[in-house]
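Asker: dropping the sequence and predicted coords here.
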Amino acid sequence: MADRVVLLTHDPATGVLAVDERFQEDGETEPGIRLAGVQHGAVFSRK
């Protein structure tokens, strides 16, 4: 899951964190959103 963004759930009674399996892209079998090939960041320039 190194190239994915996932959502976590928190159980306040036990303090347990777990991956939210419902958060996934259509057609994927793993939870989360894949980052491979997604451009990110910002570019600034001055005149």
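Answerer: That came in fine, so what should we check first? Numbering: from 1, shown residues only.
Asker: count the neighbours of Ala18 for me.
Answerer: Using other CB atoms under 10 Å, Ala18 has 10 neighbouring residues. Using the backbone N, CA and C atoms, a C-beta is placed for each residue, glycine as well.
Asker: three-state assignment of it?
Answerer: Under DSSP: H, G, I helix; E, B strand; the rest coil, Ala18 falls in the strand class.
Asker: which strand residues bridge it?
Answerer: For Ala18, the residues forming beta bridges with it (DSSP bridges) are Thr9.
Asker: do I have it right that it meets Thr9?
Answerer: Yes: applying CB atoms under 8 Å, one finds Ala18 in contact with Thr9, separated by 5.2 Å.
Asker: quick check: chain neighbours aside, which residue is closest to Asp20?
Answerer: Leu7 (4.3 Å; CB to CB, 6 or more residues apart in numbering).
Asker: show me which helix or strand of the protein is least confident by mean pLDDT.
Answerer: Of all helical and strand segments in the chain, the minimum by mean pLDDT, DSSP states H and E falls on strand 4-5, at a mean of 82.
Asker: partner strands of that strand, parallel or antiparallel?
Answerer: Going by DSSP bridges, the partners of strand 4-5 are strand 33-34 (antiparallel).
Asker: burial check on Glu30, number of neighbours?
Answerer: Counted with other CB under 10 Å, Glu30 comes out at 13.
Asker: would you agree it is in contact with Glu21?
Answerer: No: Glu30 sits out of contact with Glu21 when judged by CB under 8 Å, with a separation of 9.2 Å.
Asker: can you list residues touching both of these two?
Answerer: Counting by CB atoms under 8 Å, 6 or more residues apart in numbering, no residue touches both Glu30 and Glu21.
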